[in-house]
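J.: Predicted model and sequence follow; I will ask about them next.
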4 protein chains.
Amino acid sequence: MQIGMYGLGRMGANMARRLARRGHAPVVWNITPEPFAELAAEGAVVASSLADLVARLTAPRTVWLMLPAGAPTERAVEELSALLAPGDALVDGGNTFYKDDVRRAEQLRARGLHYLDVGTSGGVWGLERGYCLMIGGPAEPVARLGPVFRALAPGDLGLAPALAGAPPAATTAPHGFLHCGPAGAGHFVKMIHNGIEYGLMQAYAEGFDLLRHAGDAGRPEGQRYPLDLAAIAELWRRGSVVSSWLLDLAARALAEDPRLAAFSGRVADSGEGRWTLEAALEEAVPAGVLAAALFARFRSREEHGFADQLLSALRHQFGGHGEAPPAGGAKEGR
Amino acid sequence: MQIGMYGLGRMGANMARRLARRGHAPVVWNITPEPFAELAAEGAVVASSLADLVARLTAPRTVWLMLPAGAPTERAVEELSALLAPGDALVDGGNTFYKDDVRRAEQLRARGLHYLDVGTSGGVWGLERGYCLMIGGPAEPVARLGPVFRALAPGDLGLAPALAGAPPAATTAPHGFLHCGPAGAGHFVKMIHNGIEYGLMQAYAEGFDLLRHAGDAGRPEGQRYPLDLAAIAELWRRGSVVSSWLLDLAARALAEDPRLAAFSGRVADSGEGRWTLEAALEEAVPAGVLAAALFARFRSREEHGFADQLLSALRHQFGGHGEAPPAGGAKEGR
Amino acid sequence: MQIGMYGLGRMGANMARRLARRGHAPVVWNITPEPFAELAAEGAVVASSLADLVARLTAPRTVWLMLPAGAPTERAVEELSALLAPGDALVDGGNTFYKDDVRRAEQLRARGLHYLDVGTSGGVWGLERGYCLMIGGPAEPVARLGPVFRALAPGDLGLAPALAGAPPAATTAPHGFLHCGPAGAGHFVKMIHNGIEYGLMQAYAEGFDLLRHAGDAGRPEGQRYPLDLAAIAELWRRGSVVSSWLLDLAARALAEDPRLAAFSGRVADSGEGRWTLEAALEEAVPAGVLAAALFARFRSREEHGFADQLLSALRHQFGGHGEAPPAGGAKEGR
Amino acid sequence: MQIGMYGLGRMGANMARRLARRGHAPVVWNITPEPFAELAAEGAVVASSLADLVARLTAPRTVWLMLPAGAPTERAVEELSALLAPGDALVDGGNTFYKDDVRRAEQLRARGLHYLDVGTSGGVWGLERGYCLMIGGPAEPVARLGPVFRALAPGDLGLAPALAGAPPAATTAPHGFLHCGPAGAGHFVKMIHNGIEYGLMQAYAEGFDLLRHAGDAGRPEGQRYPLDLAAIAELWRRGSVVSSWLLDLAARALAEDPRLAAFSGRVADSGEGRWTLEAALEEAVPAGVLAAALFARFRSREEHGFADQLLSALRHQFGGHGEAPPAGGAKEGR
């Protein structure tokens, strides 16, 4: 099936590749030409401009955007809404805020264009493992794009179905893609997915931090355990309750270097975690774990914050206390 | 290999079963006789008393305890330390606090007995999937019991090793069991494992709660998504970053009933989560996610707490405010 | 000084009263007439309509809104912007979101009107104690309204200045009102004020909850303390580090009834707490205490949430565990 | 009244001073002699040894310890239990863990000695403002020491009673000291007091941090507020809901230097915060704010933690993501 792909970063290029490998016909375009040669060699048609990309597609056309959320995607939607014709579909596969989807879908609908928001999980592993696709938009173009979604998604992984004896799945979820609802529903589900991801990651992070401290010199004799974190991560992958794909990755990272010395510990966050919290505020849903996970990232990017300084200043004011010494003095609790 | 198994609840009985199926020779005992007939039929030798269980084993003996942590395990350790002979080994496979292990190991060492603490994860699925074993204790008896650990553990699951190109694993972790360190190390690692488990579970719980609220009647037109939670859980199992064994189970539970009506929502906690927090306090390790997860369980067991009442009382004092109406009034935020 | 006051709820009526008592000339209006008779008796001029209120004021006029934030205030701003003349000032003393102030100020500026946002703290006690005023808007009308602010504010309370030896305060802060910055700054500061308030309240709530549990029957012999919470609150008011006005109120509430039986524990939240969290998300500022305080209120309004049910369902899936019994079973931790 | 005082640090010396000023007769001792000259000049009797201190007191004697909790206090209790005679009383005014009080009280009771635990709040301001005293122990020696407690406590501060119209206080709480219960009750109440203190401090710290960020260059035009934090703190002292003694101190600190440049932001914690959390774990009381406050302190003493590094490593594993740049890159959220 023919499909335009605009945005050939790590994600977009691999998705075009996966589509080409599975017999589809991606027509690709990018702001800068670096990815063109390789993708052409792998079977993609390289357009000479965005207009050319559109011109090379047969109606009803589909253009899939794989661009940074925010301004770049917004601009591309505007440009394409002028280039596309009624009945065509625009797919936003990036990490867009779902309320922007709702607005855009309405604007494009007025011109007879379909807008689909497709939350995409899978990262750099997606080329090989496939992409988990959370889809929002009207039913007709979603159905029309079924073959594309099926090619991008992991497909049947040989996983046991969720429920033995359940009726044959009424949805495509077992193949790794799902039409979640109308405009915005795909990115809404992806947003919560990433909120959960932050929570899972922080749970492992705190746990391994505790394991690492178990070997500290200051611990009581007989309760000091210099543990092999890489081996423990590998172990937990086998039959434990905490086994997961993130744990697989933690095991890899720890096997490469149990001290993780290549990483300074300044952790970025990419929008969805914050939007998940905003959703929690809107819905009055307590989300203490998701909030704590996000704040840990914020904190990781600060040196000593003003908040900490104020605590020290207050302790000095009421108790004449000095500040704690670095590191070694950390455990004076009892 | 011959092994005594004392405690035939859900976990212990299945472990004896798994050992028998794999060619080992479990000799079993339990306070109450219900499990005896079935286990005998499956190849276990049923003792007539704890002393008889010991008498039926050839030295050096191994007795594996699979009893509730605390008093029942403590009592069994005392009884067995009188029945066993130097060179014998006592294995505590329950959820014991690791500091109790350290104390017991020292007491038994004085009598020439080995004490092993084996954190065991796998739950009701372990019979089929195998048990992930985290082992603490002296090297010699740990080595001697290798065949038993190997039979109980999941073994090579065909999982990719953590790191392609890594040297052949120097440990048994890829088989699902690991000698983590001296006395207490096994239960220490299991404790942190469960602390992480609480955090993971709460991350999913908050995320699915947010998904469920996406369909609320009060949401703005065009942003109301009555989502199919069971399908989303099934979807995320395929290629997403949040795929995990706990997600597999969430998908099962939601497939059975997307409203989870069989559950009231009073969530128990079993010790390890609290001990993990205690370890965080001892080590001055920030563990915001693990704490939030534990507190969510505490809160789930309360009706309206005194803390909430005090908040209402203060609002009444300073603002003359009344209390919020149930449910519907929950979203007055903006 | 003449001032129009629209909105005679608990706050607005008392503010009009305080102004009249201090020699100002409030002209008042309200949607419903209940407050009119009493306020007329206390010296306020009662208008017969909003237009009449404006007509009774001499230019440059000032109309102070004391209405619920959101739609009611928005409507009043629209109506008054049609009634007022260039040079007049509109004051929003309610709990408006500061971004709405920024928008409104710009709209009114285009018509030559001044818009002031005045965050107001003091609650039902303000009539007697005065109101703490956080003011945003242009300098000229803020200066013009100085006498009104001074009358509403607590004034010099005989409190020690913050810093002995400091230069005479360059601001009016010691009198209890402060021009914080341009449009929105007043409500921004009030928003953070309320965010802090939530955190303080929750800190006391958790602490008193712990004190109350100190008398629980299940505690070890010799560590069971049936404490007199009212007396402790009264005690802490005298010289302790945690003394505060909120503690004064907690002491009152506990003196009236140490069980707080009049309160069910469903705690409302009124917007600012959520907006404070939104500000934290926008600024990437870790705000774990403020978030935990807000989520405790959300949780207080739920029975057993779906999140809790999912935890129970997962525990049942992997461990065959039943749910915790109410209350009594809450402390099975170790 | 004659009283022995052992431990002349900041707290102990000032307490001896306050007692002397109010007509009591402190007999003092310290490990090192620096404080002796000044205290002698202020009317205290300086002993030449601990034994001499005891010898100078008339039975029934009272010795008040004001030593660091843990080993120093434990040693002093042992020494004094050998020196004192039946009917004498030992007072621990330090920050002892209440379970240690329970143990010691029992040991001393066996020798006919009284043990009192007195949680003491007031810090460096206590000399002038008085100390808030939370007292545990048997009724008789508590009553006997009434005049000493009354001299140390703030006394009637002219504060309104908690409840107008309440019956005359049945307790001494309005004078700033209270017999809370049997052995350990005083330090238990002080422990929770400090737990609350941590929560209050962190609430202010997060709030002022948000205020400080309101002036950030990256904020949208028209929503950038370079606020005067010192003035706002001073303002809030007057009539606002968040006024408190800690806010008084925050105002002082910010008036001295609104950037708090003298403080690096490594915040110590002194035991009670951790013990409060342990109490929450024991009692299954959700204490999210108190935990978040404590963890913020732990985190303030780390550079980039291992937990943060693991998050970065995972993001690199699944997404090929690099780390966030320092500072400036902190706000990429949307």
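T.: Noted; the coordinates are in hand.

J.: alpha carbons only for contacts and neighbour counts from here, please
T.: OK.

J.: tilt between the lengthiest helix in chain A and helix B:185-213?
T.: Ranked by residue count, the top helix of chain A under DSSP state H comes out as helix A:185-213. Calculated by axes from the mean of the first three to the mean of the last three C-alpha atoms, to 10 degrees, helix A:185-213 forms an angle of 160 degrees with helix B:185-213.

J.: residues in contact with the one residue in chain A that gets nearest to chain B?
T.: Chain B sits closest to A:Ser244 of chain A, with a gap of 3.7 Å, by C-alpha to the nearest C-alpha. By C-alpha atoms under 8 Å, 6 or more residues apart in numbering or on different chains, the residues touching A:Ser244 are A:Arg237, B:Val242, B:Ser243, B:Ser244, B:Trp245, B:Leu246.

J.: Include secondary structure when you put those into a markdown table, please.
T.: Below are the contacts of A:Ser244 laid out as a markdown table (DSSP: H, G, I helix; E, B strand; the rest coil):
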| residue | secondary structure |
| --- | --- |
| A:Arg237 | coil |
| B:Val242 | coil |
| B:Ser243 | coil |
| B:Ser244 | strand |
| B:Trp245 | helix |
| B:Leu246 | helix |
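
J.: Quick check: of those residues, which lies closest to A:Val124?
T.: B:Val242 (14.7 Å; C-alpha to C-alpha).

J.: can you pull out the helices in the stretch 51-200 of chain A?
T.: A:71-83, A:98-109, A:126-129, A:139-144, A:146-152, A:185-213 (DSSP state H, counting those that start in this stretch).

J.: Determine whether any part of the longest one lies close to chain D.
T.: Just to be clear, that refers to helix A:185-213. Yes - with C-alpha under 8 Å from any C-alpha of the partner chain as the criterion, chain D is reached by helix A:185-213 at A:Met201, A:Gln202, A:Ala205, A:Glu206, A:Phe208, A:Asp209.

J.: Skipping its backbone neighbours, what lies nearest the second one in space?
T.: It refers to A:Gln202. Among residues not flanking A:Gln202 along the chain, A:Ala293 sits closest, at 5.5 Å (C-alpha to C-alpha, 6 or more residues apart in numbering or on different chains).

J.: would you list every one of the strands in the stretch 151-300 of chain A?
T.: Along the stretch 151-300 of chain A, counting by DSSP state E, counting those that start in this stretch, strands occupy A:177-181.

J.: Would you mind naming what in it lies close to chain D?
T.: Checking the stretch 151-300 of chain A against chain D by C-alpha under 8 Å from any C-alpha, the hits are A:201-202, A:205-206, A:208-209, A:246, A:249-250, A:253, A:260, A:263-272, A:274, A:296-298, A:300.

J.: Go again with 7 Å.
T.: Within the stretch 151-300 of chain A, the positions near chain D by C-alpha under 7 Å from any C-alpha of the partner chain are A:201, A:205-206, A:209, A:249-250, A:253, A:260, A:263-271, A:274, A:300.

J.: re the thing from before, out of the residues of helix A:185-213 next to chain D, who has the most neighbours?
T.: A:Gln202 (31 neighbours; other C-alpha atoms under 10 Å in any protein chain shown).

J.: quick one on the thing from earlier: any chance of CSV for the helices of the stretch 51-200 of chain A, columns mean pLDDT?
T.: Below are those laid out as CSV (pLDDT from 0 to 100):
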stretch, mean pLDDT
helix A:71-83, 97
helix A:98-109, 98
helix A:126-129, 92
helix A:139-144, 97
helix A:146-152, 97
helix A:185-213, 96
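
J.: Just say which of those helices is most tucked in.
T.: Comparing the helices of the stretch 51-200 of chain A on average neighbours per residue, with mean count of other C-alpha atoms under 10 Å in any protein chain shown, the densest one is helix A:185-213 at a mean of 27.

J.: by contact count, what packs against it?
T.: strand A:114-121, strand A:132-136, helix A:272-283, helix A:288-300, helix B:185-213, helix B:288-300, helix D:306-319 (3 or more C-alpha pairs under 7 Å, 6 or more residues apart in numbering or on different chains; DSSP states H and E).

J.: Ok, which of the ones you listed comes nearest C:Ala41?
T.: Of those, nearest to C:Ala41 by C-alpha to C-alpha is helix A:272-283, at 43.6 Å.

J.: for the closest one, packing partners?
T.: helix A:185-213, helix C:272-283.
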